[in-house]
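Asks: What follows is a predicted protein model with its sequence.
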Amino acid sequence: MTATARKLAVLFYNAVRYGMDYVDPGADQYEQKYRQRVLKNLHRKAAEFGFKLESIGTGDCVS
């Protein structure tokens, strides 16, 4: 909770001091980053067991 409060305080301070506008990245960006993180973790886990994951045609497989 403290880390979140600090992050919000820094964002607010920078916005006030430098006149920066806040731009909401949106849910789509969060979903994309989440998917990349999950894929990266799956690749790492597969490598630990001696396997290699391959994409089945979507083309967005993370190495």
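Replies: In hand now; what should we look at? Numbers count the residues shown, from 1 in each chain.
Asks: Helices along the protein, start to end?
Replies: With DSSP state H, the ranges of helices along the chain come out as 2-18, 26-48.
Asks: Now do the most far-flung residue of the chain relative to its centre against Ala9, distance only.
Replies: Within the chain, Arg17 marks the point farthest from the mean C-alpha position, 27.1 Å out by CA atoms, centre = their mean. In this view, Arg17 and Ala9 are 12 Å apart by CB to CB, to the nearest Å. Glycine gets a C-beta too; all of them are placed from N, C-alpha and C.
Asks: just Asp21 next, same as before
Replies: Taking CB to CB, one finds Asp21 at 18 Å from Ala9.
Asks: of those two, who's got more company?
Replies: Ranked by neighbour count (other CB atoms under 10 Å), Asp21 and Ala9 place Ala9 first, with 10 against 5.
Asks: In terms of pLDDT, where does the more buried one sit?
Replies: On pLDDT, Ala9 comes in at 94.
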